[in-house]
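# Following is a predicted model, sequence given first.
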Amino acid sequence: MADLFDTPAQSARPATAKPDGPRPLADRMRPATIDEVIGQDHLLGTDGSLRAMIDAGSLPSLVFWGPPGVGKTTIARLLAQATDLAFEQISAIFTGVQDLRKVFEAAKLRHANGRGTLLFVDEIHRFNKAQQDGFLPHMEAGVIVLVGATTENPSFELNAALLSRSQVLVLNRLEQKHLEAMLSRTEARLDRALPLTAAARDRLVDMADGDGRALLNLAEQVFAWDGGPFDNGALAQRLNRAAPKYDKSGDAHYNLISALHKSIRGSDPDAALYWFARMLDGGEDPRYLARRLTRMAVEDIGLADPQAQAHCLSAWQTFERLGSPEGELALANAVAYLALAPKSNAAYVAYKAARSAAKQTGSLMPPKHILNAPTKLMKEQGYGAEYQYDHDADAAFSGQDYFPEDMARARFYDPVDRGFERDLKKRVEYFDRLRAERGR
């Protein structure tokens, strides 16, 4: 009797079995060998780490991290084939505790009979901590070789214990040349060319957005059309572009906001507007972007351009008044303004340094000369004694020390020589000079 968990290729089909039903083109075009995998040469090429594992006949537990449609499931199947392991596939979305128990029991039985199991877990990051911990004893006992697949950063989504027992391998987004090679191979196997003009063919590749599965799904629709060749206009009418890969709570969200922030910090308005548009196109809440832009104004521009913060708050308010899509233009204005504004994090650095000093010095009292003395007793204790009223001093500057008596004077704020902070730097130097002249 065939093993319940064997793949169709491993199980004998009964003589009375009916032929397989229709299968999607993407499934029919799956590579049959490791050498047929497209786009992951850094892992499967001559010097690739996975290739070395296969050649050595020793496969550790792995975590495949990469975007959808780059071959994670296919490679896992082929690894099992190349290392003579039984292949078992589950999805964290549809698998519960009882299902996992059955999988582990079958793997134990297989292991007792001298054969290992490659357990492929799709969307492994969706398992909770307890479920992830459940894999550990079976991995350590050699009952299973775990291959997990995730589109999210494993550092954030997977337990440290699981990660310590696995190697994380990054699968790359498929480039245009890889998708074109996939199309050409599909045409050769079907012995039929796509009924598209050269420009429309390029457009089809663009529509797949680096996803091989999406490309073949789109191509399957095109193969079904009568006539042709079809141009860009016809393609746009008949097919919809795949939705951008963007999860507002996932890895793409953090990657894109990081790209936007660093483009603004790097004074590149074009790149900043591109990432801003990518986030909006992915369905990001414009209010979140308004909040982050305001933070960038405070953190990366600061007093080099005090108007930057006001500009962001005004753009935020304009968006609230106008809504989408008109209000998004106000936020786009803020993106361009911030990118081109002079940059300074001097106040931000000063704030962090002051916070650190405050924690280190604990509860030191202010010097008595700057404390109010509303009672006779407080006056007798020296509160307010020898305080110099700055407005009565020459240049309205007394130069007194306002730090605690047991703390040396510190310098936290060091303005940069850019934008409005250039003037502030001159003021800091001016007061330093007066303080030195007065022996302070």
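Yep, that arrived.
# which stretches of the stretch 301-440 of the chain have low pLDDT?
In the predicted model, the stretch 301-440 of the chain carries pLDDT under 70 at residues 440.
# What are the boundaries of the helices in it?
Remark: helices assigned in the stretch 301-440 of the chain by DSSP state H, counting those that start in this stretch are 307-322, 326-340, 346-361, 376-380, 421-437.
# I'd like to know which of the ones you listed is closest to residue 32.
Across those, residue 32 has its closest neighbour in helix 326-340 (47.8 Å, Cβ to Cβ). Every C-beta, even on glycine, is put in place using the N, C-alpha and C of the backbone.
# Isn't residue 81 up against residue 87?
Yes: judged on Cβ atoms under 8 Å, residue 81 makes contact with residue 87 at a distance of 7.4 Å.
# So for these two, which sits in the more crowded spot?
residue 87 (20 against 17; other Cβ atoms under 10 Å).
# tell me the phi and psi of the nearest residue to that one once chain neighbours are set aside?
In this structure, residue 87 finds its nearest non-sequential neighbour in residue 80, 3.8 Å apart by Cβ to Cβ, 6 or more residues apart in numbering. Per-residue torsions, residue 80: phi -60, psi -40 (degrees, to the nearest 10).
# If you tally nearby residues, what's the number for residue 80?
24.
# just residue 41 next, same as before
The number of residues packed near residue 41 is 14, by other Cβ under 10 Å.
# need the contact list for it.
residue 48 (Cβ atoms under 8 Å, 6 or more residues apart in numbering).
# pLDDT score for it?
On the pLDDT scale, residue 41 is placed at 93.
# The one 3 residues further on now?
In the predicted model, residue 44 carries a pLDDT score of 94.
# With residue 20 instead?
The model reports residue 20 with a pLDDT of 56.
# Begin at 448, not 1, for the rest of this chat.
Understood, numbering begins at 448; the last thing we discussed is residue 467.
# The residue nearest to residue 534 against residue 536, yeah?
No: if you go by Cβ under 8 Å, residue 527 and residue 536 don't touch, sitting 9.5 Å apart.
# Now the common contact residues for these two.
Jointly contacting residue 527 and residue 536 under the rule Cβ under 8 Å, 6+ apart are residue 567.
# now residue 742: how far from residue 749?
11 Å (Cβ to Cβ, to the nearest Å).
# Those two: which is more packed in?
More neighbours surround residue 749 than the other of residue 742 and residue 749, with 27 against 13 (other Cβ under 10 Å).
# re earlier: can I get the helices of the stretch 748-887 of the chain in CSV with distance to residue 851?
Shown next, in CSV, are the helices of the stretch 748-887 of the chain (distance: least, Cβ to Cβ, whole Å):
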stretch, distance to residue 851
helix 754-769, 31
helix 773-787, 38
helix 793-808, 7
helix 823-827, 18
helix 868-884, 18
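# residues contacting residue 739?
Counted by Cβ under 8 Å, 6+ apart, residue 739 has contacts 704, 707, 708.
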